[in-house]
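Student: Would you be able to build a 3D model of this:
(4 chains)
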Number of protein chains: 4
Amino acid sequence: MSEKKPVKIVTIGGGSSYTPELMEGFIKRYEELPIKEIWLVDIEDGKEKLEIVGKMAQRMWDASPYDVKVYLTLNRREALKDADFVTTQFRVGLLNARIKDERIPFSYGLLGQETNGAGGIFKAFRTIPVILSIVEDMKELCPNAWLINFTNPSGMVSESVMRYGKWDKVIGLCNVPIASMMAEPATIGKTLDQLTYRFAGLNHFHWHKVYDECGKEVTQDIIDAIYSGKDTGVPENIHKLPLFKEQYDAMKMLACGYHNYYYRQEEMLKHGLEEYHGVGTRGQQVKKTEEELFELYKDPALDHKPEQLAKRGGAHYSDAACETIASIYSNANRHIVVTTRNNGAIPDLPSDCAVEVSSFVGATGAKAIAFGPLHPAERGWLQCMKNMELCVEEAAVTGDYGMALQAFFLNPQIPSGETAKRVLDELLIAHKKYLPRFKKKIEELEKEGVTIKDDVARELTEQGL
Amino acid sequence: MSEKKPVKIVTIGGGSSYTPELMEGFIKRYEELPIKEIWLVDIEDGKEKLEIVGKMAQRMWDASPYDVKVYLTLNRREALKDADFVTTQFRVGLLNARIKDERIPFSYGLLGQETNGAGGIFKAFRTIPVILSIVEDMKELCPNAWLINFTNPSGMVSESVMRYGKWDKVIGLCNVPIASMMAEPATIGKTLDQLTYRFAGLNHFHWHKVYDECGKEVTQDIIDAIYSGKDTGVPENIHKLPLFKEQYDAMKMLACGYHNYYYRQEEMLKHGLEEYHGVGTRGQQVKKTEEELFELYKDPALDHKPEQLAKRGGAHYSDAACETIASIYSNANRHIVVTTRNNGAIPDLPSDCAVEVSSFVGATGAKAIAFGPLHPAERGWLQCMKNMELCVEEAAVTGDYGMALQAFFLNPQIPSGETAKRVLDELLIAHKKYLPRFKKKIEELEKEGVTIKDDVARELTEQGL
Amino acid sequence: MSEKKPVKIVTIGGGSSYTPELMEGFIKRYEELPIKEIWLVDIEDGKEKLEIVGKMAQRMWDASPYDVKVYLTLNRREALKDADFVTTQFRVGLLNARIKDERIPFSYGLLGQETNGAGGIFKAFRTIPVILSIVEDMKELCPNAWLINFTNPSGMVSESVMRYGKWDKVIGLCNVPIASMMAEPATIGKTLDQLTYRFAGLNHFHWHKVYDECGKEVTQDIIDAIYSGKDTGVPENIHKLPLFKEQYDAMKMLACGYHNYYYRQEEMLKHGLEEYHGVGTRGQQVKKTEEELFELYKDPALDHKPEQLAKRGGAHYSDAACETIASIYSNANRHIVVTTRNNGAIPDLPSDCAVEVSSFVGATGAKAIAFGPLHPAERGWLQCMKNMELCVEEAAVTGDYGMALQAFFLNPQIPSGETAKRVLDELLIAHKKYLPRFKKKIEELEKEGVTIKDDVARELTEQGL
Amino acid sequence: MSEKKPVKIVTIGGGSSYTPELMEGFIKRYEELPIKEIWLVDIEDGKEKLEIVGKMAQRMWDASPYDVKVYLTLNRREALKDADFVTTQFRVGLLNARIKDERIPFSYGLLGQETNGAGGIFKAFRTIPVILSIVEDMKELCPNAWLINFTNPSGMVSESVMRYGKWDKVIGLCNVPIASMMAEPATIGKTLDQLTYRFAGLNHFHWHKVYDECGKEVTQDIIDAIYSGKDTGVPENIHKLPLFKEQYDAMKMLACGYHNYYYRQEEMLKHGLEEYHGVGTRGQQVKKTEEELFELYKDPALDHKPEQLAKRGGAHYSDAACETIASIYSNANRHIVVTTRNNGAIPDLPSDCAVEVSSFVGATGAKAIAFGPLHPAERGWLQCMKNMELCVEEAAVTGDYGMALQAFFLNPQIPSGETAKRVLDELLIAHKKYLPRFKKKIEELEKEGVTIKDDVARELTEQGL
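Tutor: Below is the predicted model:
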């Protein structure tokens, strides 16, 4: 591979608190992935954080044996020029937007789940137009680059890039599968390299099967381990709650942590409401953690990822992202679970849609492993969710209110009716600034006098946040 | 057609209050469908009702110009011998079972919808083993007969006949589509024979489009009529509530009345709980109506269908059923909306599953009209529901508790969690008598001390009803 | 239906010898289909025939009780203005083109079958650009009209209208199914109205099943009738040859006459070569028949369809065409076998492709009846042919030589190799005048010195015919 | 992996001339795949060859640093007991059967291609019942073993194991893909480890795409290399002939050598007939090579694979087979092109059928990489061939003559008609000994006096060979 040139990496949303995690991942893999330069891009509103985290990032490289320059810029186009890999971890509207995504539904007793629920739908509405504009820039400035997306909802955002952006060199990432793969092997006395994993589904909505080094399925052993109280890597940000054992008996697969929102909806809602009325929603908690992190990052002596970042919920993100980029660069064909084009891997879904599946990642990108058809019990959920995603993406692109309503009601976390419609309306108003495509409808709602009931969300909105 | 022999019709569940409706339909169509004899079959528990309604049925024929003999029997096999058409309208556990299906979920604040919701799942659990035993008898005693099923949940029951009974000559019926077709034309100043209807979906879960005599689509005109307050034929037994107009704007199809349980879930639950805490659930109301009907039927002077039957909720059943039978017999190829094998008519669903679609019904049975693919917004719902049905049927046949739980949680009317699981458990206990395949699990639940919280349901169960 | 206005019919290729057949069909159905005016359109080269047949057409109407005016024009756009139905029966390059389509392959010992074989591929190449330009005119001049296409290859031409013309109101017709339905019933002592037919496949490539008035399948009875020597309606223009009985035993369906080109390829080739070296190809025979017909048509006393037209091969065309138009106009929902969008009717083929299937035809056009999946033996043929058609259409639209070659080799009538490629090249040269999209390649071939080996075809080409 | 036990390998058809190739492959990979014992199984007729090659095999191991015992047996059940891997390379009827498979079609001027053509169909008819009986033994004697099939037609044989044998642990192998991967990289100045290959199709009927270490597609570069005269690894046993360049322009994929039988049919037939009338068919040539090989093998001094084996046509078989077995054993997840269950990898084919595709092979077997949909030009061929295979397998299992005829005519190498039917009949008679399921039909044919026209084939048959 000696002929390959060192790479230019561009990270959009570079001011994120995740950036040090990413730097750590690149430093660890430098020998496989020689980096020439890293560009951290952010917007005016994120300038201060970009400065803090950017300096921290440069310190990390300076403390490493490698000579890599970290560039900080608010000029996305300058950064994208001739990029090899563009990673996206931006958050339109920052954590304040997430707080509204969560609090407005909870204020009406509904789940505001921030990736696949009502909150996630709005995150998609805000993010998809932006990612599509990034793709337009990439077509012009770095037409051979790979887009490695971590911005949630990672599945819908990545699918929009393919479907509406007509850009195929995109891979969506998430730390949920890797977290399972890090934690589960030990529960049955194995190491990861002994096991074969097969994931299939959608982002934050997948199942998996596991086999040992002799090819024997050990899925049931891991299920048993769950019920003996062992930690199987459900991310910190999800309320941990085992599924009913009888469901696993029927399912014969492991479900991801986010399945709690579908298989234990009642309890997830109850827990969410407790937080809403108590310590604050997850977004509010994360905001505090983030503020603490940025205080740490300011310390000019800090030149490595601080422990506290793990609490943020993004553990293993760098493992997913850097491993993917390194695998592409070095054509390593490693097994990584990513969002990529289905191509038949899950024959129950259209060939042209995006799925999150076990793939082998190499120079040609991610190639999904054919998983085969699912049992109706999982197929029903999966087809429902994929179609919900397609409706969200269509609404995000068209700004069609009726389609937004269809997506809302099709979403299994949202019971249809007046209340859900009210939540939709308040969320539109709350995010007006980031939803130009819904402008006409939002103005109608404002004329009708729709206001935000939740105090925190209303105040944030009134402050233009 | 002169060579065709007059037909023998067997009605299982012949003691039903619907029987006079059916008789009226046959009498109306006698010239097209010359009947030789009608056998009304019921079980020991229904003997009294069978006597009452059977005599009433004979009086109706005697008052007609036609010489048809109505046989009453508790011996199903005797009746089935050489039947041409077997109609099924039996209700395992009678209306008391329905009352439990409804009240137990409501007692926990959940919808107990009796056809596609939690109640409907249990109706399927009770009914499927019985219909399969009828099919076994038919294979032996009337292998050329058509099975015309009205027993709800009509879609799942009919699909089980094909899938597990391996019996293809089955057609499932429902009065919902016909009710729309009776009411809608007038709302736009048309008559039914001027319009072309295209239905597609599942039983109690379908959409339709309408075209005028020039082929111009008039779906939107009917949607507009709904919002100007016109009656579009939503059955009496459903709480009438228009969908949000914006949804129709996106959908561009008419939804059936039962869609309220999915598109207006909050309001349907609220209304159901009001009835539960007030006048009683729909099953309780129907039970009263039925008692009144049987009082009427006892009148030896009554020889025609009484007006009050319309209130029962089954209006137009006879139109659907008798029209289907007559269309088969006379090879009329009339457009009827029935449950039949998909065969690709809705390409978003497996070819071998059952769907409820616009079909042409003639001597070869019902031939579905290819509807083509649906938009993701409807496709998501449809695929979710069909897979839910497949899980229900599998659980009904195997008695697998895990699969029952999977079906429960996949059902969009049922929020997953402890409460839903509790409802499942109580329903199992309440229907123990009719659920031999779940016997082992029910005994476990009894050992665990699970009891029924709702007073009415508990008392019915304690009385062995 | 009293509100419906009398219709304007436009026939493109109005100078065809078929026109009197069409007139006869309209006259027969006038009560159901009141016609206001008929426009016969042709091109400069067909002016003389248009005059002859147009006068004949007017005489036929004048001899009828109906007052209908037949307009003759070379101005297509004038004719299309406000048309209700546009029928297309034009033949680009007239019968001389067909003669080349047949003779060039035969001159190399290959089948030149003029609808689905090498000849048919070139007929598609010549016709598709023309039909697409007609559609463009229709979009502007008669956007609500139905396009009723009889121009062969009817399946590919109609599919191109949908796929490339983006025009959905198109129905493709053929007389093959109707010929079977006219002839077969008598072979088993039945009348057509007693039987139910189910056709599925592609134009000139379909199978069917038949059921009696009791719904009992009688397909095998008709197969038996074939082997007892009865005429089952294979069109006059096809060499009649029963399939091997053992194939029918496996197939359990009736095949159309054109299946001989696939199931009895050796004998069809032998027969074709005999004609080629003897009486002339079918095209040459038809040309003579046509000349005789036009002589007859010139007779100012002739005011009805002459007997001789039946020999032409187009018997029942008017039944198919006029029946379809009448069925749409009067919303009759009659069973007609047409080329229409699949929509899942044959689930083995893509939903969006065109198929020739049993349909019910009414005001909304043709609605395919879901046929369900085929056995692999037929599925293999069908998928091969449909994909071949798609390649032909793509090549017709793009003028891509490689794609033309792919289509040629995929066509089961054409053994791949140098000879077939040579045939492709000579056909391109022979039809240069009508293949502007292949201009560049044809000029290359001319430069390479490719000439036409068959004398007749070469001379026709040299004469600019 | 220290916990894994050394493996027992059973090779059915162990007396084959390929066995030394296999031994060499195992010796090379011993460190990765520690073998305990190898059982070579053959039948009575192959006893002598088994002795010769078996001793040779033991000498090869004795000359290696490893202590492995080679057991020779005619008792298949004894050998299968507790096997870890069962490899099948048997040839029912030996090379004499192949000679008949080839000569009988050629005697009528038809291709007798021995894997996918008429010959291959009969190889499948002879082999499938035998492999199914092996599977029955395996279920009893080594239920955890992997079946690694090299017996041709490898795709149909492997699919039958899954479909009719209900045995999922099967992988079908072939040396065609590996031969391309060995030869092609050098043609563009690359090494195999720099390139990424993506194969999709069926056994002896696949296409592939190639990408360099930067993910850039280099398929076209290899196509160009073909036309500059470079060797791209078409197996020795296939007449080498490039496709028409224009086809590659349209196809944008590389075709396998066997595609010549479909894309250059005329020339392949011509070449085959020359051999038939000259040096003898490929089977006759191989028979001579084999006899020479066995003479060599008898040499007690020979303890390594002789050069001459490469001429046999099976070059790289051991690479495919041993690599697959080693990859499973060591869970290496290497990219190997194998026949495995589709599972959606080629969405144009049913999920449950067998395909030959790029897969990653590890402890759980072969997992197909999702290739995605093909262009209609390739899809048409592929669907035709897969359905042809399904018909062959059905006929092999049922002995249904009509289905055999359907398979014959659907096969693109066989022009339908009397001659093809005659070839089918003669082949049935020629292979009577190995076709018990077709016994009844063969006896009928004998009664009708059908005899074999080709002298060589007739004499072999008369000699009971």
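
Student: tell me what the strand or helix carrying residue A:8 is packed against?
Tutor: Assigned by DSSP states H and E, residue A:8 falls within strand A:7-12. Using 3 or more Cβ pairs under 8 Å, 6 or more residues apart in numbering or on different chains; DSSP states H and E, the elements in contact with strand A:7-12 are helix A:19-28, strand A:35-41, helix A:76-80, strand A:85-88. Just so you know, the C-beta spots here come from the backbone N, C-alpha and C atoms, and that holds for glycine as well.

Student: Buried deepest among the ones you listed, which one?
Tutor: Across these, averaging neighbours per residue (mean count of other Cβ atoms under 10 Å in any protein chain shown) puts strand A:85-88 on top, at a mean of 26.

Student: And that strand, how far out from the chain middle?
Tutor: Its chain's average C-alpha position is 14 Å from that of strand A:85-88, according to Cα atoms, centre = their mean, to the nearest Å.

Student: In its sheet, which strands sit next to that strand, and in what direction?
Tutor: Applying DSSP bridges to the sheet, strand A:85-88 is found paired with strand A:7-12 (parallel), strand A:146-149 (parallel).

Student: From residue A:352, how far out is the residue of the stretch 151-300 of chain A found nearest chain C?
Tutor: For the stretch 151-300 of chain A, the nearest residue to chain C under the criterion Cβ to the nearest Cβ is residue A:163, separated by 17.7 Å. Computed with Cβ to Cβ, to the nearest Å, the distance linking residue A:163 and residue A:352 is 8 Å.

Student: In chain A, where is pLDDT below threshold?
Tutor: Under the criterion pLDDT under 70, the flagged ranges of chain A are A:1-3, A:236, A:311-315.

Student: Which parts of it are strands?
Tutor: Using DSSP state E, the strands of chain A run over A:7-12, A:35-41, A:69-73, A:85-88, A:146-149, A:170-172, A:196-202, A:205-211, A:254-255, A:334-341, A:354-362, A:365-368.

Student: With distance to residue A:383 added, can I get these in JSON lines?
Tutor: Compiled in JSON lines, these are given as follows (distance: least, Cβ to Cβ, whole Å):
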{"stretch": "strand A:7-12", "distance to residue A:383": "32"}
{"stretch": "strand A:35-41", "distance to residue A:383": "37"}
{"stretch": "strand A:69-73", "distance to residue A:383": "43"}
{"stretch": "strand A:85-88", "distance to residue A:383": "28"}
{"stretch": "strand A:146-149", "distance to residue A:383": "24"}
{"stretch": "strand A:170-172", "distance to residue A:383": "19"}
{"stretch": "strand A:196-202", "distance to residue A:383": "10"}
{"stretch": "strand A:205-211", "distance to residue A:383": "11"}
{"stretch": "strand A:254-255", "distance to residue A:383": "16"}
{"stretch": "strand A:334-341", "distance to residue A:383": "17"}
{"stretch": "strand A:354-362", "distance to residue A:383": "12"}
{"stretch": "strand A:365-368", "distance to residue A:383": "17"}
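
Student: out of those, which comes closest to residue C:288?
Tutor: In this view, these are compared for proximity to residue C:288 by Cβ to Cβ, and strand A:334-341 is the closest at 57.7 Å.

Student: picking that back up, okay, residue A:163 and residue A:352: which has more neighbours?
Tutor: Set side by side, residue A:163 and residue A:352 show unequal neighbour counts under other Cβ atoms under 10 Å in any protein chain shown, the larger going to residue A:163 at 18 against 14.

Student: The more buried one contacts residue A:393, doesn't it?
Tutor: Yes. Between residue A:163 and residue A:393 there is a contact under Cβ atoms under 8 Å: 6.7 Å.

Student: ok, which residues in chain A are in contact with chain D?
Tutor: For chain A, the residues in contact with chain D (Cβ under 8 Å from any Cβ of the partner chain) are A:1, A:4, A:194, A:196, A:198, A:211-215, A:328, A:331, A:333, A:335, A:341-347, A:351, A:360, A:362-365, A:367-373.

Student: Let's see which of those end up in helices.
Tutor: In this view, the residues of chain A next to chain D that belong to helices under DSSP state H are residue A:328.

Student: hang on, isn't residue A:147 packed against residue A:132?
Tutor: No. The pair residue A:147 and residue A:132 does not pass the contact test of Cβ under 8 Å, sitting 11.3 Å apart.

Student: Give the residues shared as contacts by these two.
Tutor: Contact criterion Cβ atoms under 8 Å, 6 or more residues apart in numbering or on different chains; residues shared by residue A:147 and residue A:132: residue A:161.

Student: Look at the two and report which has more neighbours.
Tutor: More neighbours surround residue A:147 than the other of residue A:147 and residue A:132, with 26 against 18 (other Cβ under 10 Å).

Student: and the residue lying closest to that one once chain neighbours are set aside, how many neighbours?
Tutor: Taking Cβ to Cβ, 6 or more residues apart in numbering or on different chains, and ignoring the residues beside it in sequence, residue A:147 has residue A:170 as its nearest neighbour in space, at 4.4 Å. Residue A:170 sits with 28 neighbouring residues when counted by other Cβ under 10 Å.

Student: Likewise for residue A:44?
Tutor: The number of residues near residue A:44, taken as other Cβ under 10 Å, comes to 7.

Student: before we move on, what about residue A:386?
Tutor: 27.

Student: Which residue comes closest to it once chain neighbours are left out?
Tutor: Excluding the flanking residues, the one nearest residue A:386 by Cβ to Cβ, 6+ apart is residue A:349, at 5.4 Å.
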